[in-house]
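1. Here is a sequence together with a model predicted from it:
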Amino acid sequence: MAAGFKTVEPLEYYRRFLKENCRPDGRELGEFRTTTVNIGSISTADGSALVKLGNTTVICGVKAEFAAPSTDAPDKGYVVPNVDLPPLCSSRFRSGPPGEEAQVASQFIADVIENSQIIQKEDLCISPGKLVWVLYCDLICLDYDGNILDACTFALLAALKNVQLPEVTINEETALAEVNLKKKSYLNIRTHPVATSFAVFDDTLLIVDPTGEEEHLATGTLTIVMDEEGKLCCLHKPETGTSFSFF
Amino acid sequence: MEEETHTDAKIRAENGTGSSPRGPGCSLRHFACEQNLLSRPDGSASFLQGDTSVLAGVYGPAEVKVSKEIFNKATLEVILRPKIGLPGVAEKSRERLIRNTCEAVVLGTLHPRTSITVVLQVVSDAGSLLACCLNAACMALVDAGVPMRALFCGVACALDSDGTLVLDPTSKQEKEARAVLTFALDSVERKLLMSSTKGLYSDTEQCLAAAQAASQHVFRFYRESLQRRYSKS
């Protein structure tokens, strides 16, 4: 009988739970889902991490390649994130070019990297003006159950911490780069940004770590990214919501 | 408030070109708005903030593709075209922000199974682009006669390294700032509809309060601009 009510009036069904200050999966309003992290599972990537927030699963693989730096920033490397939401993870995505949600998520991750200064781009320089590292961070969602932004940020951070770059020297005679695969070092991660997403219900209730269903029923969502010092890197409030006066 | 007297005089007379010095954290650049310039769209508007200029066109409520139709409300679509180059991922992200702001105010339930398309073209970018896009979109929606429950405006503010707040920053101020915050506020209760930030900062309340005070001037400008337009006919 409850299943019938849920299909016909999903919002009312949900409100019954909210009145008792809990959610259908048994969590409190401020409780996160069980988080699991698996580091270094992809041996072909330079760094990788798999993050599970409840059912939401995101895997991040980082590959490091050489590139020539741009002329207006000759000592800066590149970090290129890309979020992919394949049809595998949810029925709402079709195959083909990246949809809006994937593009928005990619831009969000690029902004987090830029704003929080997680890696100093100068650290990726091998030889100023000639050779720099470019880190391609590919985030693929394997299972979409809400809160994709938090999972992506977490997977990216974990994968970057796992990246080991070999030592590169430029041979002066041949002007070629010589890579020493035996000597590898970790990246210098300066800050640890953490993203927290909230769903807003009926303009008053804030729910942490929304699932796919909750995101669909919510009037709005809000994502806040903070670093260890408590500084905000990003406040992303894209959805229709009604207004909010917060803090 | 110091802000009131400053902006009162400056809202019309200031010819802010970015090089003219402004009082710490008070004044907005010169605004200008023109409506009904394009013949094809149902509504259009051009909004200027200092040297930043955005042209907006609204088509709707119009026919919608079956795959995109929503049974009980209108489907809102926003297309943002940059001044140079092809639209990329950053434009998609901004389109999503503008679309969600519009969805919060447009009364979509009055026109179910239709589509309302807002097309924005960046004519020149001299700072506060997202705020200018939001203002242009609002004016174009008003010109098209789309029913809305409130008007909205965009206000950008930049925080520099010593914590001073500058409203409506120019490109130079944005580049030098530690953080740039853009807020979309509604006209009824000055509540926050959308927020997009760039950079590291810790005092959101102060920025939001300044933006809410500045939004009063933007709404007053909307009212005056519309009064001027309708008093002619």
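-> Looks like it came in fine. From a predicted model like this one, the values you see are computed outputs, not experimental measurements. Numbering: from 1, shown residues only, chains lettered A, B, ... in the order given.

2. for chain A, what are the low-confidence residue spans?
-> Filtered on pLDDT under 70, chain A yields the residue ranges A:230-247.

3. In it, which residue sits furthest out from the middle?
-> For chain A, the C-alpha farthest from the mean C-alpha position belongs to A:E173; by Cα atoms, centre = their mean, that distance is 42.7 Å.

4. repeat for chain B
-> Checked against the mean C-alpha position of chain B, the extreme residue using Cα atoms, centre = their mean is B:V66, at a distance of 30.3 Å.

5. Can you name the residues that contact it?
-> Contact partners of B:V66, counting by Cβ atoms under 8 Å, 6 or more residues apart in numbering or on different chains, are absent. Where C-beta positions appear, they are placed from N, C-alpha and C, glycine not excepted.

6. same thing with B:T101?
-> Applying Cβ under 8 Å, 6+ apart as the definition, the contact partners of B:T101 turn out to be B:L134, B:A137, B:F152, B:A184, B:L193, B:M194.

7. what residues are up against the second one?
-> If I follow you right, that is B:A137. B:A56, B:V58, B:V78, B:I98, B:T101, B:C102, B:V118, B:L120.

8. The residue most central in space within chain A: which element?
-> For chain A, the residue whose C-alpha lies nearest the mean C-alpha position (Cα atoms, centre = their mean) is A:C152; its distance is 2.0 Å. When secondary structure is defined by DSSP states H and E, A:C152 falls within helix A:148-162.

9. residue boundaries of the helices in chain B?
-> Ranges of helices in chain B, per DSSP state H, are B:2-13, B:89-105, B:129-144, B:171-176, B:204-232.

10. Relative to A:E101, which of those is closest?
-> Distance to A:E101, taken as Cβ to Cβ, is lowest for helix B:89-105 among the helices of chain B, at 8.5 Å.

11. what's the angle between that closest one and helix B:129-144?
-> With axes from the mean of the first three to the mean of the last three Cα atoms, to 10 degrees applied, the angle from helix B:89-105 to helix B:129-144 works out at 40 degrees.

12. buried stuff in helix B:89-105?
-> With burial defined by 16 or more other Cβ atoms under 10 Å in any protein chain shown, the residues of helix B:89-105 counted as buried are B:89, B:91-105.

13. Please put the alpha-carbon coordinates of that helix into CSV.
-> As requested, C-alpha coordinates have been extracted for helix B:89-105 and formatted as CSV (Å, rounded to 0.1, in the frame of the first residue of the first chain):
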residue,chain,number,x,y,z
VAL,B,89,31.3,24.1,-21.2
ALA,B,90,31.5,27.4,-19.3
GLU,B,91,28.6,28.8,-21.3
LYS,B,92,26.6,25.6,-20.5
SER,B,93,27.2,26.1,-16.8
ARG,B,94,26.1,29.7,-17.0
GLU,B,95,23.0,28.8,-19.0
ARG,B,96,22.0,26.3,-16.3
LEU,B,97,22.4,29.1,-13.6
ILE,B,98,20.3,31.6,-15.7
ARG,B,99,17.7,29.0,-16.5
ASN,B,100,17.2,28.0,-12.9
THR,B,101,16.9,31.6,-11.9
CYS,B,102,14.2,32.2,-14.6
GLU,B,103,12.4,29.0,-13.6
ALA,B,104,12.1,30.2,-10.1
VAL,B,105,10.2,33.3,-11.1
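
14. Right, I'll leave it there.
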